[in-house]
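[1] Have a look; sequence and predicted model below, questions after that.
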Amino acid sequence: RGNPFAEKNRLCLVGLRLHHEDGTVENKTWKIEYDTTPYAGAITDIKAHVSVCSLVVGFNLKFDLAWLARYGISLPTSCRVFDCQLAEFILDAQRTPYPSLDGCLSKYGLPLKSRAVGEYWDLGIDTPDIPYDILSSYLRDDLARTDELYQTLLPRCSNPLYGLHMQDERV
């Protein structure tokens, strides 16, 4: 339902999990069209962070890249990408199209993501109407779970063909 190509839909929050050279990890989140707060500064800040990335990891990454593109944010050409959903699809011999994040986490014995936002959606409450503290906590949790899954999948994806498939995500 969050199709980035439907004009009525809005990007509410953006989150990045940054791995710094000193080994520290930092989650950054920005409000975009969550409320009436102007978001031009957030877009500028996101662009600045993304412009120096050498690797972007996601789950169903083409969805996230489409949302970012809608707001004028693109990855540098030198930036590599890794889509955990695509990696799992290939590792599973293409038996499960569009595997879920929770399904992948469960398969590898990792903690499942929070259900807090899903409970609101199940009640028919749209994302912009979910309390910010719930939504931002969900986003930070999603970043952490995706990172854990990436760390688990990466050693299994050593064949260079994985990298080729990943770069196709950018198209």
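    In hand now; what should we look at?
[2] Let me see the ranges of the strands in this structure.
    Taking DSSP state E as the criterion, the chain contains strands spanning 13-19, 25-31, 55-58, 80-83.
[3] Determine which stretch of these is the most buried.
    strand 80-83 (a mean of 21; mean count of other Cβ atoms under 10 Å). All C-beta spots, glycine's among them, are computed from the backbone N, C-alpha and C.
[4] neighbouring contacts of it?
    Strand 80-83 has contacts (Cβ atoms under 8 Å, 6 or more residues apart in numbering) with 54-62, 65, 75, 150, 154, 157, 163, 166-167, 169-170.
[5] contact partners of stretch 145-163?
    Under Cβ under 8 Å, 6+ apart, the answer for stretch 145-163 is 17, 25, 57-59, 80, 82, 84, 87-88, 90-91, 101, 104-105, 108, 110-113.
[6] what comes up buried for that stretch?
    Residues of stretch 145-163 classed as buried by neighbour count (16 or more other Cβ atoms under 10 Å): 145-147, 149-150, 152-153, 157, 162.
[7] re the thing from before, in helices, which of the contacts of stretch 145-163 fall?
    Filtering the contacts of stretch 145-163 for membership in helices, criterion DSSP state H, returns 84, 87-88, 90-91, 101, 104-105.
[8] List the contacts of A66.
    Contacts of A66 by Cβ under 8 Å, 6+ apart are 4-5.
[9] State the pLDDT value of it.
    The score at A66 is 95. That number is its pLDDT.
[10] would you list every one of the helices in this structure?
    Under the criterion DSSP H, the chain carries helices at the ranges 40-51, 61-70, 84-91, 101-107, 116-122, 132-153, 160-168.
[11] P4 is nearest to which of those helices?
    Nearest of the helices of the chain to P4, taken as Cβ to Cβ: helix 61-70 at 4.3 Å.
[12] Including distance to A69 and mean pLDDT, could the strands of the chain go into CSV?
    Shown next, in CSV, are those (distance: least, Cβ to Cβ, whole Å; pLDDT from 0 to 100):
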stretch, distance to A69, mean pLDDT
strand 13-19, 13, 97
strand 25-31, 16, 97
strand 55-58, 13, 96
strand 80-83, 13, 96
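[13] Just the pLDDT at the closest residue to Y138 other than its chain neighbours, thanks.
    Distances taken as Cβ to Cβ, 6 or more residues apart in numbering place V117 nearest to Y138, at 4.3 Å, with adjacent residues excluded. On pLDDT, V117 comes in at 95.
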